[in-house]
Every structure is written in structure tokens, then in C-alpha cells.
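Student: Fold the following and give me the result.
(2 chains)
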Amino acid sequence: MKLEKEEKQKIAIGVILLVALLYGYFAMLLGPLSLQQESTKAKIVELEPKLASAKATIKSAETAERNSPKAATALAQISSLIPEGAPIAWFPPQVSEIFKDAGPEKAVTRNLAEAADKDVPTVRIASWSIDIPKVEFVSFAAALAEFENEEPLVQVTSVVLEPARDDVQSQHVALNVNSIIKTSATP
Amino acid sequence: MALRLNLHHEIEQKQRVKSRDPMKVVILALICAGGLLAGYYALRLGSTSATTHELEAKTAEFSALSPKADAAKERENELIATIKASDAIVRRIEDRFYWAPMLEQVARLVPPQIQITRLSGEVEGNAVKKCVLKMDGIAAGKEARKVAEEMRMAMQEEFSKRYKDVTSSFTTLEDKNETVKLNGSDAPTAAFAISVKLATGVEVVATPAPTRRKR
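Tutor: Numbering: from 1, shown residues only, chains lettered A, B, ... in the order given. Next comes the predicted model:
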């Protein structure tokens, strides 16, 4: 079949139109649409971790909220164990009372230092020295056991037992202790 | 055979030419292609629209959650501080080092042939408490050194039942010229100094910080 000139021109025009249609379709319609979709998907991908993080934070806070009453109660209970007022007013009498049966002489308690507690901002740590000039070993040990059991906020950090200066049958005791006190209180 | 003449041959020729007109074929092809492309575009448009709606929904959700998350973070920090403080103070109370049981053990382990002249002890540390106990004394008997050694060994053994990392060693052990009355007879003496080291408590290992996975 031989094509005439006019027919060839028509075919050429048709091909040009098809190319123009395809170019217009991809460049002006499908291309921007694809770009928009990709951009939207990227925003979703970017947003998802933020959403997950926000949900996790809320859930974590809820868990902490459930656990906090127990902690708050424990803190309140411990706080209630600390007497009100300056510790120098109540701590030495407590010590004297506990060690009164350990020997004939009264325990002498002195405040050495006071420091902030790095783990618990609501309390401070006070250091004390306790000097008991004369004790009998067994009754001292019993009094020390009572002291450690009845004063949970006190930690004995050092103990020295040596013969009393004027009575070798008795012992002289020097203790260093740390006690937890309220932040507002000063020794 | 009869002769047949087609008097419409010119008309039929024109119709044939018209039916294979390239312009018509091209227009038909363009219409078909256009239809197909339009259909595909509609599909993609629907998909893009769904994605856009998803983004809008997530953005709205994030906008609603973000202030709540900020408030929750602040509250959580407060609560965690309270919980940590409570745990720290409770642990400190529960992990205290008790001296009375140790003195009771010492009293039980000192035999009648030994007199402790000085006892001192120190404890330090938070989670793991390390204690050093020093005892000066005099042992009496025909084999005074052996008596002191037996007490040192007994202390090592007994303290190991209650504490960990127990070591007991002599810092001094020497014979003395003085004698003492033991069971009515003179007995030679030896002066000694024993150092007992021990530990109690459990090391608290900090939880490692969560690591963000790379995407």
C-alpha cells in the first residue's frame, strides 16, 4: 500500500499530537501528582516517630503516676520519723536515752557536719560523734542493737572500743554516726 | 457468462479511502490512549488523596497529643524524681550496716586465753558497704601464737557466713616477755593485731540509656 503525501502529513501530525499528549500528561499531571504523593508520604514517615514518642511519653507518665503513690507514701512515712525542730535539740537526748543503761556515764553527742543528700533533695545528712566514757561491753552491745533497730535513719559509720582511762574493767566507746534530717532543719 | 458492470466503483473507492484515513486512525488512537491515561491518573489521584487524608489525620492527632505529651513529660520527671528519692532513701535504710551482730560474733569468737585491748571498725560505701575491723589484743598460753591464729581463722570462717569478700590478716603478731596468770599458772603471751576486711550489699548497676535506632 502506497501512502500519499497528504496521508503521510496526517500521520506525522498524529504522532506529534501523541507525543504532545504524553509529554503533557507526564510533565503536568502525573509528575506533580507523584511528587505531591512522595512529599506527603515523607511527611507521614517523619511524623510517625514523633507520634509514637508522644504516645510512649504519655504511657510512661501513666506508669509513673501509678507507681508514684507508693513512693510518696514511703517518703512521707520516712519524713514522719524525723522529729520537728533543730536536730541538736532532739538527737543527743535520743542517744543518751538509748545508751543510758550501757554505763554509769552519760553519752556525749556532738554535731560534726551537715551535708546535702545528692540522691534525696528533701533531706540532709548530719554527722555526729558519740562519746561514752565508760561502758560494759555486753550492755553496750545490747544498747547498740537497740539503737540500730529503733533508729532506722541512723547509720553508725565507725566504732572504737578501748579500755577506759581510769578503769581497765570498763570500755570507752567512740562512735561516729550519720543521721537523716529534714532539709529545713539545721543542727 | 454474463458481463457485470460496477457503476459505483468510484463511490466505493472513495469510501475505502475514507475508511483508512490516517487522521481518523490517529484521532481514535489518541482518544484510546487519553482514556487509558485519564483512568490511571484518576487512580493515582485517589491514592494521593488517601495519603493526604492520612497525613491530615496524623497531623491532627499529633497536634492534639503534643501538648499532652509535653505536660506528661514534665509530670513524669517530677514523679521519677520522687520515685528515685524514695528508692534511694529506702535502699539506704535497708542496706545499713549493722554493728551489733558483728560485735556479738566477735564476743563469741574471742576465747578465754585472749583479751582484746582495742577494737575499732569503719564502714564506708553506699550500695556496697566495705568494713574494716581492727582488733588489738593479747593471747596467752603455751602456744600463744597458735591461740591468736585460731581466733583469726575462726573469724575468717564465721564472718564469711554472713558477709562477703572476707579477709582476715595479722598486722602484728609478736611474743611478749610478760607472762599472765592463766588457770592458776604463768603463761607466756603474744601481742597481736588483726585486720578483718569484709563487704556487704549489692552493687546497683545503672540502667543504660535507651538508644535510638537509626532509620
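Student: quick one: A:Gly85 and chain B, what's the gap?
Tutor: Distance of A:Gly85 to chain B, given as CB to the nearest CB, to the nearest Å: 20 Å. In this view, the C-beta of every residue, glycine as well, is placed from N, C-alpha and C.
Student: is it true that that residue lies in a helix?
Tutor: No. Read with DSSP: H, G, I helix; E, B strand; the rest coil, A:Gly85 is coil and lies in no helix.
Student: How many residues are close by it?
Tutor: When counting by other CB atoms under 10 Å in any protein chain shown, one arrives at 10 neighbours for A:Gly85.
Student: Can you check which strand is longest in the chain?
Tutor: Let's take chain A. Longest strand in chain A by number of residues, with DSSP state E as the criterion: strand A:167-182.
Student: that's the wrong chain, I wanted chain B
Tutor: In chain B, with assignment by DSSP E, the single longest strand is strand B:164-182.
Student: just how off-centre is that strand within its chain?
Tutor: Distance, stretch centre to chain centre, for strand B:164-182: 46 Å (CA atoms, centre = their mean, to the nearest Å).
Student: Pull the contacting residues for B:Ala144.
Tutor: By CB atoms under 8 Å, 6 or more residues apart in numbering or on different chains, the contact set of B:Ala144 is B:113, B:175, B:187-190.
Student: Tell me what the nearest residue to it once chain neighbours are set aside is bridged to.
Tutor: Once flanking residues are discounted, B:Ala144 sits nearest to B:Ala190: 3.7 Å by CB to CB, 6 or more residues apart in numbering or on different chains. B:Ala190 forms beta bridges with B:Ala139, B:Asp175, as assigned by DSSP bridges.
Student: Of all the residues in chain B, which one is nearest chain A?
Tutor: B:Val26 (2.6 Å; CB to the nearest CB).
Student: And what about that residue, helix, strand or coil?
Tutor: B:Val26 - assigned by three-state DSSP - is helix.
Student: and it, how many residues sit next to it?
Tutor: Look at B:Val26: counted by other CB under 10 Å, it has 19 neighbours.
Student: And the closest residue to it other than its chain neighbours, which helix or strand is it part of?
Tutor: Nearest residue to B:Val26, sequence neighbours excluded (CB to CB, 6+ apart): A:Gly14, at 2.6 Å. Assigned by DSSP states H and E, A:Gly14 falls within helix A:5-24.
Student: Can you list the neighbours in contact with that helix?
Tutor: Contact with helix A:5-24 is made by A:3, B:21-23, B:25-27, B:29-30, B:33-34, B:37, as judged by CB under 8 Å, 6+ apart.
Student: tell me the angle of the lowest-mean-pLDDT helix or strand in chain B relative to helix A:5-24?
Tutor: Every helix and strand of chain B was ranked by mean pLDDT, DSSP states H and E. The lowest is helix B:9-19, at a mean of 78. Counting by axes from the mean of the first three to the mean of the last three CA atoms, to 10 degrees, helix B:9-19 lies at 20 degrees to helix A:5-24.
Student: Report whether helix B:9-19 contacts chain A.
Tutor: No. Against chain A, helix B:9-19 shows no contacts by CB under 8 Å from any CB of the partner chain, the least distance being 9.1 Å.
Student: got the CA positions of that helix in PDB?
Tutor: Listed next in PDB are the C-alpha coordinates belonging to helix B:9-19 (Å, rounded to 0.1, in the frame of the first residue of the first chain):
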ATOM      1  CA  HIS B   9     -16.700   1.800  -8.300                       C
ATOM      2  CA  GLU B  10     -15.700   5.400  -7.900                       C
ATOM      3  CA  ILE B  11     -18.000   5.800  -4.900                       C
ATOM      4  CA  GLU B  12     -16.700   2.600  -3.300                       C
ATOM      5  CA  GLN B  13     -13.100   3.700  -4.000                       C
ATOM      6  CA  LYS B  14     -13.800   6.900  -2.100                       C
ATOM      7  CA  GLN B  15     -15.400   5.100   0.800                       C
ATOM      8  CA  ARG B  16     -12.400   2.700   1.100                       C
ATOM      9  CA  VAL B  17     -10.000   5.700   1.100                       C
ATOM     10  CA  LYS B  18     -12.100   7.500   3.700                       C
ATOM     11  CA  SER B  19     -12.200   4.400   6.000                       C
END
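Student: returning to that earlier point: the residue nearest to B:Ala144: neighbour count?
Tutor: 22.
Student: hang on, it packs against B:Asp175?
Tutor: Yes. With contacts counted by CB atoms under 8 Å, B:Ala190 reaches B:Asp175, the gap being 5.1 Å.
Student: any residues in contact with both of these two?
Tutor: B:144-145.
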